[in-house]
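Participant: This is a predicted model, with the sequence first.
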Amino acid sequence: MDLSTTYMGLKLKNPIVPSASPLSQNVDTVKTMEDAGAAAIVVYSLFEEQINHESGELDHYLSFHAESYAEATNYFPQPNEFKLTPYQYLDHIANLKKSLSIPVIGSLNGVSTGGWIQYARNIEQAGADALELNVYYVPANPQVSSTDIEKMYTDVLTEIKKNVKIPVAVKLSPFFTSMGNMAKSLDNAGADALVMFNRFYQPDFDLDKLEVVPNLVLSTNWEMRLPLRWIAILYGQLKASLALTSGVHNEMDVIKSVMAGADVVQLASELLVKGPKRVGEILKGVEMWMEEKEYDSINTMKGSMSQKAVAEPAAFERANYMKMLNSYKMLW
């Protein structure tokens, strides 16, 4: 049985890739995931705040209320709150490369081109096999147009691609006016992969202290429906690889993702709860299912349930909405 897949030109032994999370802070933990079968690792993000905390350019973006970043646990974290300094992060990338035989994918999280370009180069020089750009921006200012937001994404990607030779993935949110057009724009700008989708970590209110507080909630299976749908729609329409993330917790989630058209499946919440060895259990489950259904390779499965492959492609669009509402039965 051939479980191999290709992601951003990287040949991987299977499609299971732990996503950027605290799991990658410790080399031994990453080694455990590799031994369990992880095909690559996305290292937790280096934040723009760490690179250029005092810059006027960053202050400009923060004034637009871009305070909610994908893997942050607090608003406006101070430099001493991060686990590692930028230079320690580069050393960590180098140590992972020495310790692992699987590809290591660095991750940059921010909103501007200013501080990223040099560190994109540095991450490449530290030995990373690829780079994931986590452009996370909450457009809270009503004066900022959708065109401006989309241009921010493509500008960051274009500048990074000019300055590194390793493959570059873009991890994006689903909240664009035209998701398909945004995906195509990033594809045209040279994205080697699209990672779908970033999770918004929404704040909560503390009614005793009357404060806005961070509220980290791990993913659940139902969250996978949104990236599953869009990957199934975009499969075959882009040159870029596709990675599904958010809500992946078991072998069935992995299989569905591949059948939608994903080249790799990224997961973190399940591993944070059940430990790094969970990778091996999920991988074994995928193999057993494939054997039972007589699939001999991941590539045979890939895209087989995408919009272009199913008998009713409209199910991914408005027809699915109407069917779902009409099928609901009252419980009282």
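Facilitator: Thanks, I have it.
Participant: which residues does residue 2 contact?
Facilitator: 296, 297, 298, 299 (C-beta atoms under 8 Å, 6 or more residues apart in numbering). Bear in mind the C-beta positions are built from the backbone N, C-alpha and C, glycine included.
Participant: Could you verify my assumption that the first one touches residue 1?
Facilitator: This points to residue 296. Yes - at 5.9 Å, residue 296 counts as touching residue 1 under the criterion of C-beta atoms under 8 Å.
Participant: what residues are shared contacts of the two?
Facilitator: Counting by C-beta under 8 Å, 6+ apart, the residues touching both residue 296 and residue 1 are residue 290.
Participant: rewinding a little: relative to residue 230, which of the contacts of residue 2 is nearest.
Facilitator: Closest approach between the contacts of residue 2 and residue 230, by C-beta to C-beta: residue 298, at 20.1 Å.
Participant: Now that closest one. Its backbone dihedrals?
Facilitator: Residue 298 adopts backbone torsions of phi -60, psi -40, taken as degrees, to the nearest 10.
Participant: what's the burial count for residue 35?
Facilitator: 12 (other C-beta atoms under 10 Å).
Participant: for the helix or strand harbouring it, what is the average pLDDT?
Facilitator: Assessed by DSSP states H and E, residue 35 sits inside helix 27-36. In this model, helix 27-36 has a mean pLDDT of 98.
Participant: ok, and what's touching that helix?
Facilitator: Here helix 27-36 has contacts from 18, 23-24, 41, 92, 95-96, 99-102, 271, 276-280, 283, using C-beta under 8 Å, 6+ apart.
Participant: Mind giving me the ChimeraX select for these, buried ones only?
Facilitator: Buried residues within the contacts of helix 27-36, by 16 or more other C-beta atoms under 10 Å, are selected in ChimeraX with:
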select :18,23,24,41,92,96,100,102,271,276,278,279,280,283
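Participant: show me where pLDDT drops low in the protein?
Facilitator: 48-84, 111-115, 318-326, 328 (pLDDT under 70).
Participant: just the strands in it please.
Facilitator: 5-7, 10-12, 16-18, 41-42, 46-47, 104-110, 130-135, 168-172, 193-196, 204-206, 211-213, 241-245, 264-267 (DSSP state E).
Participant: Out of these, which is closest to residue 153?
Facilitator: Comparing these by C-beta to C-beta, strand 130-135 comes nearest, at 5.2 Å.
Participant: Against which helices or strands is that closest one packed?
Facilitator: For strand 130-135, the packing partners by 3 or more C-beta pairs under 8 Å, 6 or more residues apart in numbering; DSSP states H and E come out as strand 104-110, helix 116-125, helix 146-163, strand 168-172.
Participant: now the angle from it to strand 168-172?
Facilitator: If you take axes from the mean of the first three to the mean of the last three C-alpha atoms, to 10 degrees, strand 130-135 sits at 30 degrees to strand 168-172.
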